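Peer 1: missing the sequence, but the structure's below:
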């Protein structure tokens with residue numbers, strides 16, 4: 001299993017919106033590195049749901065329910081979507097400030113590649129995030 005981080009601006013599409021829908025097609029991604037990450041996702045992989053811009057915190061956990069296929073909102077078939085379902089809202093959001101202040105996360109894609117909307121998460125980073133969210 002692999003772990004990922006997906007970003008969304010909460011005023012555009014929040015965790016609560018995601019939960020209300022019960023699933024989501026992650027569309028509109030137009031960054032080549034993010035696209036490659038989405039292509040690498042497998043059904044059952046887990047993704048940390050991050051509120052970007054407003055909040056700047058990881059608020060929940062999602063699971064890949066359908067692997068990549070062409071993005072119906074794009075004119076170019078190379079752009080893809082992945083479908084997710086919500087798994088859990090975290091009891092305690094994990095803030096970007098917490099992550100940046102902890103040496104264990106200094107190599108995390110969220111820190112190093114801050115503009116990347118879909119990025120990988122190492123298993124040990126995932127474990128640390130889960131620990132912080134449930135402490």
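Peer 2: Thanks, I have the structure now. Only a predicted model underlies this, so the values are computations on that prediction, with no experimental measurement involved.
Peer 1: Count the neighbours of the closest residue to residue 66 other than its chain neighbours for me.
Peer 2: Taking C-beta to C-beta, 6 or more residues apart in numbering, and ignoring the residues beside it in sequence, residue 66 has residue 83 as its nearest neighbour in space, at 3.7 Å. Any C-beta I mention is one placed from the backbone N, CA and C, and that applies to glycine too. Neighbours of residue 83 under the rule other C-beta atoms under 10 Å: 19.
Peer 1: Hmm, residue 65 and residue 83 touching each other?
Peer 2: Yes: taking C-beta atoms under 8 Å as the definition, residue 83 is a contact partner of residue 65 at 4.9 Å.
Peer 1: Spell out which strands sit alongside the host helix or strand of the residue nearest to residue 66 in the sheet and which way each one runs.
Peer 2: Using DSSP states H and E, residue 83 maps to strand 80-95. Here strand 80-95 has these sheet partners by DSSP bridges: strand 24-26 (antiparallel), strand 57-70 (antiparallel).
Peer 1: Check what pLDDT residue 135 gets.
Peer 2: Looking at residue 135, its pLDDT is 89.
Peer 1: Quick one: residues contacting it.
Peer 2: residue 92 (C-beta atoms under 8 Å, 6 or more residues apart in numbering).
Peer 1: What is the least confident helix or strand in this structure?
Peer 2: helix 109-112 (a mean of 93; mean pLDDT, DSSP states H and E).
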